[in-house]
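> predicted model and sequence follow; I will ask about them next.
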Amino acid sequence: MRTVPRRILIVRPSAFGDVCRTVPLLWSLRKTFPKAVIDWVVEDRWAAAISELPVLDGVVQFPKRELRSWWRHPPTTLKTLQWFWRLRRGRYDLVIDAQGLARSALMSWMTRAKVRIAQRSGREFSWLAANRLVKPTRGAHVVDAMLQLVASAGAIPIADMRLVAPASGIEWWRNESARREIVGPYIVLAMTNGWQGKRWLDVRWVEVMRSIADDLSKCGIQDVVWIGAPGEEPQVVDALTDISAITGMRSHNIVGCSTVAGTMAVIANSSLLLALDSAPVHVAVGFGVPFVALYGATQPSTDGPYQGQAWCAHGGRGEEIGRHDYRDARKGGAMMERITTDEVVALVRKRLQGRAAP
């Protein structure tokens, strides 16, 4: 930009993992424009992911579920108009649409900011709302592509993924872990996923945990904490029972029980995360927690953990992957089945031994 922006808005409403990996935009903007007011539009249920970042001035919560189907109900329509009017009153002079969808584009356009930046490749014609378009480098990781947006605004791109766990989550986990008598290092297992095409077979989870039980014990890890979103509880029932019986490790099932803040605290204090292609992987990156992640139809080099693709077991390796093939349970599932237990076990052992990425 030719002039230094006074009020900046980042538009990245969802989802949990995507919000976490958008924080480099915030760090970059703050470093370059230390006196600017920087706000962030985020869906209310994910607000905790960024609420305590010290370089963020304001969180503009978007009540997506409350405003759903706004055109059908006059009272909801009024609430929606009022929400957009409050956004307009922010008087932003720079808006960065890091989501690239119709909803985020509308938010950007409604601010009437002098400079509205978005990716040229945005979906749902979202680029129409911007007056400055950026063509991302072909094959670039999504984080690097977003950093090109702040570069267009005159900011110095900084690939800083740091997250801050909310105090409420830290306090909750302190009490919860004490109640469960978790006093030593623990491993977090995130084996649930809302997309069937991203899930792995239960029997393979059991085999992996059986194979690494001794390795974990040698590192002083005797506890396994299971995490997942509400509604995903049934996905862990069988595997949890088998793993507890076979490994002798103490299992703590908090699937569906923790908030976003609580989940962040659980991961931040763990020694290792073993997870599917899901938000916990990006949270681990933000806290510098070692992880091993399982990816199928998603390409780790562009959409996986930032600078962590070497720690991903990738069932889609060597395949021509469509961006949303994981939404097809059959195609996504077939790629997940290509991930072997030996591959995952080898990555976990290298993590535990502190060895360099393969």
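In hand now; what should we look at? These figures come from a predicted structure and were not determined experimentally.
> residue 170 touches residue 265, doesn't it?
Yes: counting by Cβ atoms under 8 Å, residue 265 is a contact partner of residue 170 at 4.8 Å. In short, each C-beta sits where N, CA and C put it, glycine included.
> out of those two, which sits in the busier spot?
residue 265 (25 against 18; other Cβ atoms under 10 Å).
> excluding its backbone neighbours, what's nearest residue 205?
Of all residues beyond its chain neighbours, the one nearest residue 205 is residue 239 (4.9 Å), with distances taken as Cβ to Cβ, 6 or more residues apart in numbering.
> next up, the contacts around residue 32.
150, 154-156 (Cβ atoms under 8 Å, 6 or more residues apart in numbering).
> rerun at 6 Å
Contacts for residue 32 (Cβ atoms under 6 Å, 6 or more residues apart in numbering) come out as 155-156.
> with residue 235 instead?
Shown in contact with residue 235 (Cβ under 6 Å, 6+ apart): residue 192.
> what about it, distance to residue 289?
Relative to residue 289, residue 235 is positioned 22 Å away (Cβ to Cβ, to the nearest Å).
> SS state for residue 136?
coil (DSSP: H, G, I helix; E, B strand; the rest coil).
> ok, and the closest non-adjacent residue to it?
Counting by Cβ to Cβ, 6+ apart, residue 136 lies nearest to residue 145, which is 3.7 Å off, once chain neighbours are set aside.
> which strands or helices does the helix or strand where the one you found lies pack on?
Secondary structure assigned from DSSP states H and E places residue 145 in helix 142-152. Helix 142-152 is packed against helix 23-32, strand 132-134, with contacts defined by 3 or more Cβ pairs under 6 Å, 6 or more residues apart in numbering; DSSP states H and E.
> one more time with 8 Å
Packing partners of helix 142-152 (3 or more Cβ pairs under 8 Å, 6 or more residues apart in numbering; DSSP states H and E): helix 23-32, strand 115-119, strand 132-134.
> who's in contact with the second one?
With Cβ under 8 Å, 6+ apart as the contact definition, strand 115-119 has outside contacts at 1, 5, 93-97, 100, 105, 108-109, 126-127, 129-136, 145, 149, 152-153.
> which intervals of the stretch 1-150 of the chain have sub-threshold pLDDT?
1-2 (pLDDT under 70).
> where do the helices sit along it?
16-20, 23-32, 74-88, 102-111, 142-152 (DSSP state H, counting those that start in this stretch).
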